[in-house]
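here is a sequence with its predicted model. Questions after.
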Amino acid sequence: MNFKGSCGGVATSFAPPPRRDVQRRVCRACPSMLLSVSPQPAFKSLPRATQSHRCFCWRKSVSCKLSAMAVLQDFQTFVFLDLETTGLPRDQPRLAELCLFAVHRRSLQRSPLLGTPQLPRIIDKLTLCVDPQKPFTLEAERITGLSNRNLEENCKADFNNGVVEILKGFLRRQMGPVCLVAHNGLGFDFPLLRAELWRVDTDLPLSTGCLDTLPALKELERSPGMSYQLGALFRHFYGREPIGAHSAEGDVLTLLLVFLAKAPELMTWAAHNAHSWGKIQPMYSLSLSRSRN
Ligand code: DCM
Ligand code: MG
């Protein structure tokens, strides 16, 4: 088989598979490159130390012998997500506002110059307010500007099938594989969204990626004494205050700009470290939350 353009880093334990098996993925050894890898049927079951594959780079020849490749995801669309809620996890919060910005990886490939936040031109956006059917804590009401009263006065429905259809339709129209991105997403946004979806007996595709920028940036942007709160990261990268903190749309905008400051590294980090939606534990069990409502 002709591996023209091959990086030459070649697994020795198996022969090249037929071309139709080749898939585009991201390579740990040359992470910014799009690679074509040839998965083996028993790939996942190989011990990590002996996993290897034959790959070639679309852009230029590089040398890469992969000896410990995890199952990597070549996410095509990153969906930045933020939820506003009636309180913190200890309050068993309900969702009151959600915002998603979907950006194709092509629009994320170059970091903006530091200090000059610049948004991609092509972004799909979705912002919805919902009646949480649960009282806000005073603090949640204060910081978000949302209240049971103003949501009711504006006739917002609860998190029902209508909201779910809009959310799923929004995600379906994005080029996959899709990776959700949220700051402290593993600790808050993903488990809460899954609890809300389970409440109405539905779910997202289990293979949807989930990237939490909090641990990612702790690893990628090390600086002594640095705070990794979203607002602090924005100040760190852009030297100014973020706009619209604690509105779902304001926080998503801040998150996207923070992501853009380290976009190539974060996309590579996601390829290696993103969780799958199916592994996200809902924030609380429904029987418990129902009995408290
Ligand atoms: N939250 C809260 N008290 C805080 C911070 C957050 O109750 N001190 C809740 C309400 C917010 C939600 O968490 O809607 C999400 O936080 P954030 O606005 O930071 O995304
Ligand atoms: Mg928020």
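Nice, thanks for sending it over. Ligands and ions are numbered 1, 2, ... in the order given.

tell me the phi and psi of L83?
When read as degrees, to the nearest 10, the backbone of L83 gives phi -120, psi 140.

next one, pLDDT for it please.
Looking at L83, its pLDDT stands at 98.

burial of it, as a residue count?
23 (other C-beta atoms under 10 Å). The C-beta positions use only the backbone N, C-alpha and C, and glycine is treated the same way.

what's near enough to touch it?
L95, E97, L98, A182, F188, D189, L192, L193, A248 (C-beta atoms under 8 Å, 6 or more residues apart in numbering).

in helices, which of these fall?
D189, L192, L193, A248 (DSSP state H).

now L171. Nearest residue, chain neighbours left out?
Leaving aside its sequence neighbours, L171 sits nearest to V178 (C-beta to C-beta, 6 or more residues apart in numbering; 6.0 Å).

up against ligand 1, what does the stretch 151-293 of the chain have?
Contact residues (C-beta under 6 Å from any ligand atom) of the stretch 151-293 of the chain with ligand 1: H246, D251.

that older thread, L211 is in contact with the residue nearest to L171, correct?
No. Contact criterion C-beta atoms under 8 Å: V178 and L211 do not qualify, at 10.7 Å.

which residues are common contacts for the two?
F78.

of the two, which one has the most company?
A side-by-side neighbour count of V178 and L211, using other C-beta under 10 Å, places L211 first with 30 against 21.

surely the more buried one is within a strand?
Yes. Applying DSSP: H, G, I helix; E, B strand; the rest coil, one finds L211 inside a strand.

make sure it is actually in contact with A271.
No. When contacts are counted by C-beta under 8 Å, L211 is not listed as touching A271 (9.7 Å).

tell me how far L180 lies from A263.
Separation of L180 from A263 (C-beta to C-beta, to the nearest Å): 16 Å.

with neighbour numbers in mind, choose between these two.
Legend: neighbour count by other C-beta under 10 Å for L180 and A263, higher for L180 (27 against 21).

would you say the more buried one is within a strand?
Yes. Assessed with three-state DSSP, L180 lies in a strand.

can you pull the contacts of it?
By C-beta under 8 Å, 6+ apart, the residues touching L180 are V79, L81, F190, T208, G209, C210, L211, W277.

helix, strand or coil for the second one?
Read it as L81. Under three-state DSSP, L81 comes out as strand.

tell me, how many residues neighbour it?
Considering only other C-beta under 10 Å, L81 is surrounded by 25 other residues.

with adjacent residues omitted, what lies nearest to it?
L81 sits nearest to A182 (C-beta to C-beta, 6+ apart), 4.6 Å away.

from G162, how far off is that neighbour?
A182 is 23 Å from G162, by C-beta to C-beta.

who has more neighbours, these two?
A182 (27 against 12).

next up, the contacts around that one.
F80, L81, D82, L83, F188, D189, F190, C210, L211, D212, T213, L255.

same thing but 7 Å
Neighbouring residues of A182 by C-beta atoms under 7 Å, 6 or more residues apart in numbering: L81, D82, D189, F190, D212.

ok, of those residues, which come out buried?
Buried members of the contacts of A182, scored by 16 or more other C-beta atoms under 10 Å, are L81, D82, D189, F190, D212.

nearest to ligand 2: which residue in the stretch 151-293 of the chain?
D251 (3.5 Å; C-beta to the ion).

so what's the residue count around E139?
Based on other C-beta under 10 Å, the number of other residues close to E139 is 11.

next: R199.
R199 is flanked by 18 other residues according to other C-beta under 10 Å.

which residue is the nearest non-sequential neighbour of it?
Using C-beta to C-beta, 6+ apart, the nearest residue to R199 is L286, at 5.7 Å.

low-scoring stretches of the chain, by residue?
1-71, 111-115, 287-293 (pLDDT under 70).

domains for it, by residue range?
1-66, 77-292 (automatic domain parsing).

distance check, the closest residue to ligand 2 within the stretch 51-200 of the chain against ligand 1.
Residue of the stretch 51-200 of the chain nearest ligand 2, by C-beta to the ion: D82 (4.3 Å). Plainly put, D82 is 5 Å away from ligand 1 if you go by C-beta to the nearest ligand atom, to the nearest Å.
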